[in-house]
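> pasting the sequence and the predicted model now:
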Amino acid sequence: MESRKMFLAFLALSSLTVFALVLPVGPILWQHTVTAYYASQHDKLAHALWWDQWYSWVLFAGPLGRLPVGVVFGFRLLRLQRGPNTTKSLGSMISEPSLTIFIVVQIALCLALFTMALLILGIRDVLQGHTTFDRIIGPRGKLYWIPADDDDTLSEGEVIACPSGVNAYDLGWQRNWADLVARPLIGTVCLDRDVIPVVNATTVLHEKAQLTGIGMCAIPVPHGHPIPPFATNGRVAIRAQRLGYGA
């Protein structure tokens, strides 16, 4: 969970940085792009090599790449029309149409949109209480080890199955988000407090009652107690720490 918070912060910072850098010069770059597009549309060679060819709908991501490639032709035409320029000013790469700037900005925006999509999906998983293990195992069920009541016995306990679709880590979207925010971003990390996800004991107790018929208070797992995950027999299980008292 601690690494997830840092990863989400990295995604947010990356996206915002790209948008903040592009925004001041956005109107100028947009005007250059429109100019290059119209220059390409009115050029016979561009039509012969790209716009009127069937492969313009197939190559470079199909219809999504048809327009950007046509704009690239336009930037090349504008560059030829300007001719050689030996006295470039400090801001000439922005003030004048530049194919290099166009390509760099397009790549940066694509990466920013990709990181933004990852950020949205990551926040959705946090609000729904999904862990990385949940995404790895897909729709399969999970195993939960419930510790014994005896404080002196580490190995005793029992394993119950959690059906597919039941999320034992979902504490409600507000509590899920508050739990993520409370964990440190940088600094000393406490394993039990800052890394191990928090289990919703009510869900585990309910599944235990459904499977065995034992009452809801028969298992000593309080609400909000951290339970570390581990893998066993090719399936993801969640090993409950000893609590030191009975139900």
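Arrived safely, thanks for sending. Remember, predicted model here, so these are calculated numbers, not experimental data. Numbering: from 1, shown residues only.

> any idea how far residue 125 is from residue 12?
Taking CB to CB, to the nearest Å as the measure, residue 125 falls 15 Å from residue 12. Quick note: C-beta positions are derived from backbone N, CA and C, even for glycine.

> same question, residue 4
13 Å.

> which stretches of this structure form helices?
2-22, 26-41, 44-46, 63-82, 92-95, 99-128, 132-137, 173-182, 201-212 (DSSP state H).

> could those go into a markdown table alongside distance to residue 55, mean neighbour count and mean pLDDT?
A markdown table is the format used below for those (distance: least, CB to CB, whole Å; neighbours: other CB atoms under 10 Å; pLDDT from 0 to 100):
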| stretch | distance to residue 55 | mean neighbour count | mean pLDDT |
| --- | --- | --- | --- |
| helix 2-22 | 31 | 15 | 88 |
| helix 26-41 | 16 | 16 | 92 |
| helix 44-46 | 14 | 13 | 89 |
| helix 63-82 | 10 | 16 | 88 |
| helix 92-95 | 31 | 13 | 76 |
| helix 99-128 | 21 | 15 | 91 |
| helix 132-137 | 38 | 15 | 66 |
| helix 173-182 | 48 | 14 | 82 |
| helix 201-212 | 55 | 17 | 52 |
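
> next, format those helices as CSV and append distance to residue 57.
Converted to CSV, the helices of the chain look like this (distance: least, CB to CB, whole Å):
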stretch, distance to residue 57
helix 2-22, 28
helix 26-41, 16
helix 44-46, 15
helix 63-82, 6
helix 92-95, 32
helix 99-128, 19
helix 132-137, 35
helix 173-182, 43
helix 201-212, 51
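
> for residue 74, give me its contacts.
By CB atoms under 8 Å, 6 or more residues apart in numbering, residue 74 lies in contact with 35-41, 43, 46.

> so the protein: which segments form each domain?
Here the domain parsing of the chain from automatic domain parsing is 2-128, 139-239.

> tally of neighbours for the nearest residue to residue 50 once chain neighbours are set aside?
Distance criterion CB to CB, 6 or more residues apart in numbering; nearest residue to residue 50, sequence neighbours excluded, is residue 56 at 5.1 Å. Neighbour count for residue 56, taken as other CB atoms under 10 Å: 19.

> list the contacts for residue 56?
Residue 56 touches 50, 66, 69-70, counting by CB under 8 Å, 6+ apart.

> any idea how far it lies from residue 92?
Separation of residue 56 from residue 92 (CB to CB): 31 Å.

> what do you get for residue 182?
On the measure of CB to CB, residue 182 and residue 92 end up 50 Å apart.

> now do residue 35
From residue 35 to residue 92 the distance is 16 Å (CB to CB).

> what does residue 120 give?
38 Å.

> how about residue 102?
14 Å.

> over to residue 54?
38 Å.

> again, but for residue 119
Applying CB to CB to residue 119 and residue 92 gives a distance of 35 Å.

> what of residue 117?
Here the criterion is CB to CB. By it, residue 117 lies 35 Å from residue 92.

> do residue 10 as well
In terms of CB to CB, residue 10 sits 34 Å off from residue 92.

> could you do residue 42 as well?
In terms of CB to CB, residue 42 sits 25 Å off from residue 92.

> cool, and residue 110?
Residue 110 is 25 Å from residue 92, by CB to CB.
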